[in-house]
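J.: Give me a model of this one.
(one chain, ligands or ions: 1)
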Amino acid sequence: MPPRYPTSTPNKRTSHTCRPQDIVEVLCHRKCGESEEFLVRWRTNPVFPRPPRSILSWHALPELDDCLHHIQLYLEDNPAIQTANDAATSDGATNNSFTSSRKRKLSGDANSSRDTANGLLTPANSADRSRSPSTERTQGSFGPRVYNGILQKKEGRIIAKSLRKLSEAAKEDVATINSTTLPTPAMLHEARSTPLPQAELAIRMKFLELLKPVKNVQLQNLVDKTTPSLNFTFVDDYVLREGVVALPSGEYAGCGENKVRSNSCRPNMGQNMGCEYTQLCECLEYAPVDERALLRKDPELHEQYMQADAAGETIDTMGMPKRFPYSAPKRDGSSAPQTLASYYLEKRDPIFECNDYCNCGKGCKSRVVQKGRKVPLTIFKTENRGWGVYCNEDLVAGEFIDTYLGEVITDEEANRRESEGGTMKNSYLFSLDKFSTVHDGNVEPEDCFTVDGQYMGGPTRFINHSCEPNCRQYAVSLNKHDYRLYNLAFFAYENIPAGTELTFDYFDLDEVEEDEAIRRREAAEQDPKNKDKVRCNCRATKCRGFLW
Ligand SMILES: C[S@@+](CC[C@H](N)C(=O)[O-])C[C@H]1O[C@@H](n2cnc3c(N)ncnc32)[C@H](O)[C@@H]1O
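T.: Now for the predicted structure:
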């Protein structure tokens, strides 16, 4: 006797929401007519989330709109489906290339019956499907629609309703099956040759929705049909987690606040050059001394400074001219960007910018990173390093690109996430420890915060590693007194033509000669200790061979 299903009239007023957190996993998929359906395992008991207590049910794609990342995970775990999808699409790269400006509407939503008059949650439009010949074939091979329980909507949650609690009439409508035997080999076999173009499009559209508020960033995939993880939130600032506090505003220091010195920073100084004009800006207190300017200004002080420096002594350099971090903008009216001075580009000293408490005004040239990204970026699929990033315009050496954003967490929390997340987790965690290594270790390493960009961040979270990178990451502080919370900013380390993948060295190691780099890589490749390490695919001549 064929299984019977609950059938009822769709009731728009009682449509339910599938909560992503109630899904354990997507197990299989099938096609019913035009509809792509997914076998979902729902969590019913937090203590025993696995079979036999959990329930399974088939759902049409539109019902899972809020849980698409589970379908994405299912696709990632089953690359054979990806192959089926590729084979099923003939228009190749053209169809694969997508940008946020080419957002398309998702079709097919109209056919889903979300909830029913009697409170039972049924698969989409089961009554209609049973009339379609092609659907009947599919149903025949897959068996009953609701397994091991009934799904019912209650206060927006999907819950399992015990068969005992159903009326006799409803019980007869329901087929049950042992959930531990699903999906059957036949289901999996059929799924392998069933492409999922609608699900892939829905996943892509969802990501483009996430990307929409991020100005000037596009998505491009000329390699396959995958989409970056939907389990990601784009943010435009750090998200401070428990135990992470910014300095209170009272402890912020700006330049020229006291206005005591005749050359204190103030707006419109030196043809509106601001702090760059004097180089005596108090925000630059801990910036490196401009030795040539000091020699010109005060040869005796210069001599004292040089001696102290040679002896490794720390002296108060306030009042000495400092190295200004950025070039002045071109005065020829061109839109050429301010660039990071070559001293900073090479030495990686922390960069101190002016802030809201400064007396120099908004036009001060010591404000670059705080004004945010100006260049357009594309997140694109690489051939062997997952997603990467390129800039759509030429970049000049020293040009600011963007900051690294994410959740800011304590050292303890970072250790916890690292031990849970495995080696890959490392690539998303960046320690804010610059000031534990400069200025006599102002912060103990265990007091430093960490930025985790894995699930929250900006487009730079997709920048890949290279052992010979074209970008570098710098510490940029907007408050010289705050050693724990500052920006991680990417600058172009060389001229980078538009469309070239942006890369930086995750380990920030000093360069070595080519011969030495090759010697070390070959030794690393032969070392059996490295057999489980993650290979680096940067293809640089000086590649070190492994990421971690
Ligand atoms: C911060 S993420 C960069 C974005 C990443 N490619 C993605 O698709 O989400 C770091 C991860 O990218 C991959 N990756 C980055 N650089 C790589 C390289 N040079 N070789 C191989 N894999 C790399 C590794 O999987 C690494 O864990």
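J.: Number of residues surrounding the residue of the chain found nearest the ligand?
T.: When scored by CB to the nearest ligand atom, the chain has G386 as its residue closest to the ligand, at 2.5 Å. No exception for glycine: its C-beta is placed from N, CA and C like everyone else's. G386 sits with 13 neighbouring residues when counted by other CB atoms under 10 Å.
J.: Ok, N464 next?
T.: What N464 shows, counting by other CB under 10 Å, is a neighbour count of 22.
J.: Ok, S436 next?
T.: 19.
J.: For it, give me the pLDDT.
T.: Here, the pLDDT recorded for S436 equals 75.
J.: Please apply the same query to the one 4 residues further on.
T.: The pLDDT attached to D440 in the predicted structure is 55.
J.: about what we covered before: so what's the residue of the chain closest to the ligand up against?
T.: Going by CB atoms under 8 Å, 6 or more residues apart in numbering, G386 touches N464.
J.: Can you tell me how far K297 is from L395?
T.: 35 Å (CB to CB, to the nearest Å).
J.: neighbour count winner among these two?
T.: Each of K297 and L395 has its neighbours counted (other CB under 10 Å); L395 has more, 25 against 15.
J.: Give the partner strands of the helix or strand harbouring C28 in its sheet and their orientations.
T.: In the assignment (DSSP states H and E), C28 maps to strand 23-32. Partners of strand 23-32 in the sheet, by DSSP bridges, are strand 35-42 (antiparallel).
J.: Using CSV, write out every CA atom in the strand it pairs with.
T.: The C-alpha coordinates for strand 35-42 follow below in CSV (Å, rounded to 0.1, in the frame of the first residue of the first chain):
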residue,chain,number,x,y,z
SER,A,35,11.1,21.6,-7.2
GLU,A,36,14.4,20.8,-5.5
GLU,A,37,13.9,19.2,-2.1
PHE,A,38,16.2,18.4,0.8
LEU,A,39,16.0,15.8,3.5
VAL,A,40,16.6,17.7,6.7
ARG,A,41,17.5,16.3,10.1
TRP,A,42,15.8,18.5,12.8
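J.: So what's the gap between that strand and the chain middle?
T.: Averaging C-alpha positions (CA atoms, centre = their mean, to the nearest Å) puts strand 35-42 27 Å from its chain's average.
J.: same deal with stretch 496-507?
T.: Stretch 496-507 sits 17 Å away from the centroid of its parent chain (CA atoms, centre = their mean).
J.: repeat for stretch 55-68
T.: 25 Å.
J.: Beta-bridge partners for the nearest residue in space to S431 that is not next to it in sequence, please?
T.: Excluding the flanking residues, the one nearest S431 by CB to CB, 6 or more residues apart in numbering is T450, at 5.1 Å. Beta-bridge partners for T450, by DSSP bridges, are I409, S431.
J.: And the helix of greatest length in the chain, what's buried?
T.: Secondary structure assigned by DSSP state H gives helix 197-211 as the longest helix of the chain. Across helix 197-211, burial judged by 16 or more other CB atoms under 10 Å covers Q198, A199, E200, L201, A202, I203, R204, M205, K206, F207, L208, L211.
J.: try stretch 209-226
T.: L211, V214, V217, Q218, L219, Q220, N221, K225, T226.
J.: Over to stretch 377-397?
T.: L377, T378, I379, F380, K381, R385, W387, G388, V389, Y390, C391, L395.
J.: Output these as CSV; include the columns distance to Y428, secondary structure and pLDDT.
T.: Below are the buried residues of stretch 377-397 laid out as CSV (distance: CB to CB, whole Å; DSSP: H, G, I helix; E, B strand; the rest coil; pLDDT from 0 to 100):
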residue, distance to Y428, secondary structure, pLDDT
L377, 18, strand, 98
T378, 20, strand, 97
I379, 15, strand, 98
F380, 19, strand, 97
K381, 19, strand, 97
R385, 15, coil, 94
W387, 13, strand, 97
G388, 15, strand, 98
V389, 14, strand, 98
Y390, 20, strand, 98
C391, 21, strand, 98
L395, 24, strand, 97
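J.: Show me which pair in these is furthest apart.
T.: The largest separation in the buried residues of stretch 377-397, counting by CB to CB, is between K381 and L395 at 21.1 Å.
J.: Report pLDDT for the residue of the chain positioned farthest from its centre.
T.: The centre of the chain is farthest from one residue, E300, which by CA atoms, centre = their mean lies 51.8 Å away. Looking at E300, its pLDDT is 94.
J.: What helix or strand is it located in?
T.: Going by DSSP H and E, E300 is part of helix 299-310.
J.: Which other helices and strands does that helix contact?
T.: Taking 3 or more CB pairs under 8 Å, 6 or more residues apart in numbering; DSSP states H and E as contact, the helices and strands that helix 299-310 lies on are helix 291-297.
J.: Which other helices and strands does the helix it packs on contact?
T.: Applying 3+ CB pairs under 8 Å, 6+ apart, one finds that helix 291-297 contacts helix 299-310.
J.: How far does the helix it packs on sit from its chain's centre?
T.: That offset, for helix 299-310, works out to 47 Å (CA atoms, centre = their mean).
J.: Now that helix - C-alpha only, PDB.
T.: Output in PDB follows, covering the C-alpha atoms of helix 299-310 (Å, rounded to 0.1, in the frame of the first residue of the first chain):
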ATOM      1  CA  PRO A 299      72.500  69.600  15.900                       C
ATOM      2  CA  GLU A 300      73.200  69.300  19.600                       C
ATOM      3  CA  LEU A 301      70.000  67.500  20.400                       C
ATOM      4  CA  HIS A 302      70.600  65.300  17.300                       C
ATOM      5  CA  GLU A 303      73.900  64.300  18.700                       C
ATOM      6  CA  GLN A 304      72.400  63.400  22.100                       C
ATOM      7  CA  TYR A 305      69.700  61.400  20.400                       C
ATOM      8  CA  MET A 306      72.100  59.500  18.200                       C
ATOM      9  CA  GLN A 307      74.200  58.500  21.100                       C
ATOM     10  CA  ALA A 308      71.200  57.400  23.200                       C
ATOM     11  CA  ASP A 309      69.900  55.400  20.200                       C
ATOM     12  CA  ALA A 310      73.200  53.700  19.600                       C
END
